[in-house]
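# coordinates only, sequence not included:
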């Protein structure tokens, strides 16, 4: 059994729907694989690309581990006082602007493929 799937199936309602949507979206790219780390689903290429952080309020934050190296040209990512990572929070499927998310995802994926990065 895939522990990421088990983790998602333990959630309910809109949070589970968001997690399923994001999980399936990110796995469409070749070389991307999910793995549980620190109790939550991470997506790996060469290194950590992002992780899905379920929030107590039922939302899900997509956190990019090398976000400070991304352009964030679309303004999607928020630091929330963190020094390295930045993310975007969704509380419903209708909040997900796929075009903006994929723009950020593809940039993060290209960064992962181009350089070794730190950590992960």
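Received the coordinates, thanks. It should be emphasised that the depicted structure is a prediction, and the values quoted were computed from it without experimental measurement.

# mind checking the longest strand of the protein?
The longest strand of the chain (DSSP state E) is strand 48-54.

# paired strands for that strand, with orientation please.
Based on DSSP bridges, the pairing partners of strand 48-54 within the sheet are strand 40-44 (antiparallel), strand 60-64 (antiparallel).

# most tightly surrounded among the ones you listed?
strand 60-64 (a mean of 23; mean count of other C-beta atoms under 10 Å). In short, each C-beta sits where N, CA and C put it, glycine included.

# that older thread, could you dump the strands paired with strand 48-54 to a markdown table with distance to residue 50?
Listed next are those as a markdown table, based on distance: least, C-beta to C-beta, whole Å:
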| stretch | distance to residue 50 |
| --- | --- |
| strand 40-44 | 5 |
| strand 60-64 | 5 |
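
# redo those as CSV? Include mean pLDDT and distance to residue 95.
Listed next are those as CSV, based on pLDDT from 0 to 100; distance: least, C-beta to C-beta, whole Å:
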stretch, mean pLDDT, distance to residue 95
strand 40-44, 96, 19
strand 60-64, 98, 10
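
# quick revisit: what does the longest strand of the chain contact?
With contact meaning C-beta atoms under 8 Å, 6 or more residues apart in numbering, strand 48-54 is reached by 11, 15, 19, 22-23, 26, 32, 37-38, 40-43, 60-66, 87, 105, 108-109, 112, 117, 119-120.

# just give the number of residues close to the closest residue to residue 34 other than its chain neighbours.
Distances taken as C-beta to C-beta, 6 or more residues apart in numbering place residue 4 nearest to residue 34, at 4.3 Å, with adjacent residues excluded. Applying other C-beta atoms under 10 Å, we find 20 residues neighbouring residue 4.

# surely residue 4 touches residue 43?
No: the pair residue 4 / residue 43 is not scored as a contact, 9.1 Å apart, by C-beta atoms under 8 Å.

# hey, what's in contact with both of these two?
Joint contacts of residue 4 and residue 43 (C-beta under 8 Å, 6+ apart) are residue 34.

# you'd agree residue 55 is up against residue 80?
No: here residue 55 lies out of contact with residue 80, judged by C-beta under 8 Å, at a distance of 11.4 Å.
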